[in-house]
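>>> generate a structure from the sequence data that follows.
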Amino acid sequence: MAEYVHSHDMLNELQKRIDLKSHYSDGDIDFLSRLDDDASDEDTRDFFREHVRVMRDSQGDVLTLSVRSFDPDVSESLARNIIEISESLINDISHRMESDALESANEEVELAVQKVNRASAALTEFRSLHVSMNPILEADALFGVVSALKERITGTEAELAEKRAYMRDDSPEVTTLRNRLNALKKQQAVEKGRLLGGGGTDPADLIGDFQPLQVSRELAQQQYASALGSLELARIEAQRKKMYLVTFIEPSRPDIAVEPRRIKNVITVGIFSFILYLIGGLLWSALKDHIGK
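From the prediction side, this is the model:
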């Protein structure tokens, strides 16, 4: 973040908002402290870096921004604009990261939806063409009917044999059982014909055509559910990695000038001047001794 604060992009954006170059090169400022009027972009950036500092606490991941200018209003405006531009950058980066993370997951969902639609359309076309919702279930139902008829035929035959053991063949009960047995056998023949495809499409062929369509739709639905799960995981991961810049201490307008520290600077200059005087005196003494010899 500190690199961006000191970048040309930040300086250019601030120049549009505040016109820092005019402020720092104001003629009312002493020539040692102000920026040259004809300063290059690199000189302006170096000057800006000296007057805007970002310190980072690595343990708490806290950034401290300090700015220096020659007007309290400019200082406050400069700090607020730096924070605002930085927030905009972080929001853009965070949004781009989230979009990139979700883009591929959304594409997978779209592909899965298309596959489900194609599989459902193929299955609907099959059902309309063959007037059959599910040949497998219908075949199972017919098989159940044939099995039930077989059981009834077996029971009726046993009952008829029992009656014929002590009744005449033309007796009403025997005649009724014989007619019932004939009707059951005819019905069994009809249902077997339907089961074997007599007079129409073979159920085995229908099942052979239906099963791949059914499996294709089930796989497409599973892929769609998996894609939705992946999209949700990608969204959660993107939210977890989202970056924020939170300002918990707002920039304030300084009421007194903190710099320059005149007394400290005077004392510092005096000390260094005295040290240079002593060093010069020692060198001069050594030089005179050397000349004297």
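>>> how about Ala79, nearest residue that isn't a chain neighbour?
Of all residues not flanking Ala79 in the chain, Pro251 sits nearest, at 3.6 Å (Cβ to Cβ, 6 or more residues apart in numbering). C-beta: built from backbone N, CA, C; applies to glycine.
>>> same deal with Arg68?
Using Cβ to Cβ, 6+ apart and skipping residues adjacent in sequence, the residue nearest Arg68 is His51, 4.4 Å away.
>>> give the contact list for the residue nearest to Ala79.
65, 76, 79-80, 83 (Cβ atoms under 8 Å, 6 or more residues apart in numbering).
>>> returning to that earlier point: where's the residue nearest to Arg68 relative to Ile291, distance?
49 Å (Cβ to Cβ, to the nearest Å).
>>> who has more neighbours out of these two?
Taking other Cβ atoms under 10 Å, His51 and Ile291 do not tie; His51 has more neighbours (16 against 7).
>>> ramachandran angles for that one?
phi -100, psi -10 (degrees, to the nearest 10).
>>> hmm, Leu65 and it touching each other?
No. Look at His51 against Leu65 with Cβ atoms under 8 Å: they stay out of range, at 11.8 Å.
>>> which stretches of the stretch 51-200 of the chain have low pLDDT?
Across the stretch 51-200 of the chain, the ranges flagged by pLDDT under 70 are 58-60, 131-132, 138, 193-200.
>>> how about 80 then?
56-62, 97-98, 100-101, 126-143, 146, 169, 188-200 (pLDDT under 80).
>>> mind listing the helices for it?
Using DSSP state H, counting those that start in this stretch, the helices assigned to the stretch 51-200 of the chain run over residues 72-130, 135-164, 172-196.
>>> returning to what we had before: quick one: buried ones out of the contacts of Pro251?
65, 76, 79, 83 (16 or more other Cβ atoms under 10 Å).
>>> make TSV out of those and add distance to Glu237.
As requested, those are exported to TSV (distance: Cβ to Cβ, whole Å):
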residue	distance to Glu237
Leu65	31
Glu76	39
Ala79	34
Ile83	28
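>>> can you tell me how far the residue of the chain positioned farthest from its centre sits from Arg178?
Among residues of the chain, the one most distant from the C-alpha centroid is Arg168; the distance is 86.6 Å, by Cα atoms, centre = their mean. Here Arg168 is placed at a distance of 12 Å from Arg178 (Cβ to Cβ).
>>> give the intersection of the neighbour lists for the two.
Joint contacts of Arg168 and Arg178 (Cβ under 8 Å, 6+ apart) do not exist.
>>> let me know the closest of the contacts of Pro251 to Ile236.
Ile83 (29.1 Å; Cβ to Cβ).
>>> leaving out chain neighbours, which residue sits closest to that closest one?
Closest to Ile83 by Cβ to Cβ, 6+ apart is Thr247, at 5.6 Å.
>>> now do the same contact list for the residue lying closest to Arg180 once chain neighbours are set aside.
Spatial nearest neighbour of Arg180, chain neighbours left out: Thr156 (5.6 Å); criterion: Cβ to Cβ, 6+ apart. For Thr156, the contacting residues are 177, 180-181, 184, by Cβ under 8 Å, 6+ apart.
>>> which among those end up buried?
Buried among the contacts of Thr156 (16+ other Cβ under 10 Å): 177, 181, 184.
>>> right, and the first one touches Lys163 too?
Yes. Contact criterion Cβ under 8 Å: Leu177 and Lys163 qualify, at 6.1 Å.
>>> buried residues in stretch 219-229?
220, 223-224, 227.
>>> so how far is that stretch from its chain's centroid?
Distance of stretch 219-229 from the chain centroid (Cα atoms, centre = their mean, to the nearest Å) equals 17 Å.
>>> now do it, average pLDDT.
With pLDDT averaged residue by residue, stretch 219-229 scores 89.
>>> can you list contacts of it?
Contacts of stretch 219-229 (Cβ under 8 Å, 6+ apart): 105, 108-109, 111-113, 115-116, 118-119.
>>> from those, which would you call buried?
105, 108-109, 112, 115-116, 119.
>>> from the residues you listed, which single one is nearest Asp46?
Distance ranking of these against Asp46, using Cβ to Cβ, places Ala105 first at 45.2 Å.
>>> sounds good, over and out.
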